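Asker: The following comprises the amino acid sequence and a computationally predicted model.
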Amino acid sequence: MIKKVERFMRENKMTVPGDSLIVGVSGGADSVCLLYILRSLRKTLDIELTACHVMHGIRGEEAERDAAFTVDLCERLGVPCRVERRDVPHLAVQMNMTVEEAGRYARRQIFEQLRTETGARKIALAHHMDDLAETVLMNAARGTGIKGLASLRPVRGSYIRPLLCAERAEIEEFLRREGLTYCTDSTNLDTEITRNAVREIILPETEERVNKKTRLHLSVLSREAGEVSDFLESECEARRRKYVSRREDAVFIEEAFLEESHLMQSMIVKSALCELAGTEKDIARRHVEDILKLFANESGRRIDLPYRLMAVRKTGGISISGRKKQVREVPRGEVVLAPGTFAMEKGVLNVKILEYDGGAIPQNMYTKTFDYDKIKDTLKLRTRLPGDFIVINPDGRRKSFSDYLTDMKVDKELRDKIPLVARGKEILWAIGMRSGESCRVDEKTQRSLVMTFTNDNLEEQDDRQH
């Protein structure tokens, strides 16, 4: 088993010698197996480990038991361990999410914060082949398309999944042979939860009635879907550069792109739409089809889209832009920003630190990217203060933020409600407006800071996708 995981990690280039890893450890069988194997490979792969256990504020005494077990396991294995607590049910209400979604957000936020603190390059998660099979089935049923079939990748950015080569039964057998115990989460037995029903009922029935190698075949399908998805994405990007252009806070899709296949048309439109929205959430197939149908209409015809976007038929193509700028309210006082998700009164700000590979930089009204290593001061989310300024030119030329708002003709009663990302008195980003020039990404950039404001909970009722 250890050799199998090592081969899989090397084949997928998950680590390089000298890497430091954050390992998510719940205390369950999968994460115990992952931690034990990575600890066994520590010298072979030349890696350092830090375990992280997240308590979600849900299961009471059972959660306390899991945390104590994880701490004891790490002590016995000689691996440093951090235990973090989050009130996930409260976060779910605050962010208008399911508890499961809020749990994922909380874990990612904690992992990224710990990665930044420790200087770790990778975050190791314990997803295995059964998890992959369940995800493929669920995403196929939900109509997510090829991209959804490949959602659990061995490597995605800083996240790695070394156990995707192993089935759950293999993991449990390995733990039995090694004499390793683990905790069982009682909520995993509740088949009212969709994923549990797929795991406990649908997959076993499929293996019994259709093919006993269903999990393996779904895993292969996911890998092939990932290869197809990557190829199509590269083809889409090449054609997008040919047919799509930026015009201030809008994108313009030229009519000539109708010469492409329907698949490529759909991908180009969705790519442009997601760029302006700053997210793929709630961008459905029907929105893409509505935009394509708009090409058959006369100039001036428009349709409304999620995230307060609209598409307008114009001479020579279609323009997609925001229907109107809205000023967002932020909580009183200041919020210190770090990698993670921050619930604002009328939206969500997601902050990520990514390795920069020299590729295209996502920039739109609600997504901004900066050179992380140029930001020397603490970033804060706040409203304006006396003395604020914004750098308006790469050469360092600045303008007082008050004068900038005057130039933009922003109503005076709204100016104190604009959410700002600031370092000291310098405004890096007036959310929904412009960003400053001092920390732009350039050819020397190694790490990028990507901030995305998602305002789907602000949409009018007829804009929301249920």
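Answerer: The structure has been received and is ready for your questions.

Asker: buried stuff in stretch 380-398?
Answerer: Judged by neighbour count (16 or more other CB atoms under 10 Å), stretch 380-398 contains these buried residues: 380, 381, 382, 383, 384, 388, 389, 390, 391, 392, 398. No exception for glycine: its C-beta is placed from N, CA and C like everyone else's.

Asker: Sketch out the low-pLDDT regions of the stretch 251-400 of the chain for me.
Answerer: Applying pLDDT under 70 to the stretch 251-400 of the chain flags residues 281, 323-334, 345-346, 357-365.

Asker: before we move on, the earlier item: from the buried residues of stretch 380-398, which land in helices?
Answerer: In helices, defined here by DSSP state H, there are no members of those.

Asker: quick check, nearest of the residues you listed to residue 135?
Answerer: Checking those against residue 135 with CB to CB, the nearest one is residue 381 at 33.0 Å.

Asker: mind showing which ranges of the stretch 51-200 of the chain have poor pLDDT?
Answerer: Within the stretch 51-200 of the chain, the set of residues satisfying pLDDT under 70 comprises 94-97.

Asker: Please, where are all the strands along it?
Answerer: Shown for the stretch 51-200 of the chain, the strands assigned by DSSP state E, counting those that start in this stretch span residues 81-85, 122-124, 155-156, 159-160.

Asker: What about residue 60, how many residues nearby?
Answerer: Here the number of neighbours of residue 60 (other CB atoms under 10 Å) works out to 8.

Asker: Roughly how far does it sit from residue 279?
Answerer: Distance check for residue 60 against residue 279: by CB to CB, to the nearest Å, it reads 34 Å.

Asker: give the contact list for residue 242.
Answerer: If you count contacts by CB atoms under 8 Å, 6 or more residues apart in numbering, residue 242 has them with residue 257.

Asker: now it: how far from residue 257?
Answerer: Using CB to CB, one obtains 8 Å as the distance from residue 242 to residue 257.

Asker: for residue 367, same thing?
Answerer: In this view, residue 367 and residue 257 are 23 Å apart by CB to CB.

Asker: again with residue 452
Answerer: 26 Å.

Asker: got it, and residue 194?
Answerer: In this structure, residue 194 and residue 257 are separated by 38 Å, where distance is defined by CB to CB.

Asker: Among these two, which residue is more densely surrounded?
Answerer: Shown here are residue 194 and residue 257; by other CB under 10 Å, residue 257 has more neighbours (20 against 13).

Asker: With adjacent residues omitted, what lies nearest to the more buried one?
Answerer: What sits nearest to residue 257 in space, not counting adjacent residues and going by CB to CB, 6 or more residues apart in numbering, is residue 243, at 3.8 Å.

Asker: Measure how buried that neighbour is and give me the count.
Answerer: Around residue 243 there are 20 other residues, counting by other CB under 10 Å.

Asker: And for residue 450?
Answerer: Neighbouring residues of residue 450 were enumerated by other CB under 10 Å; the total is 20.
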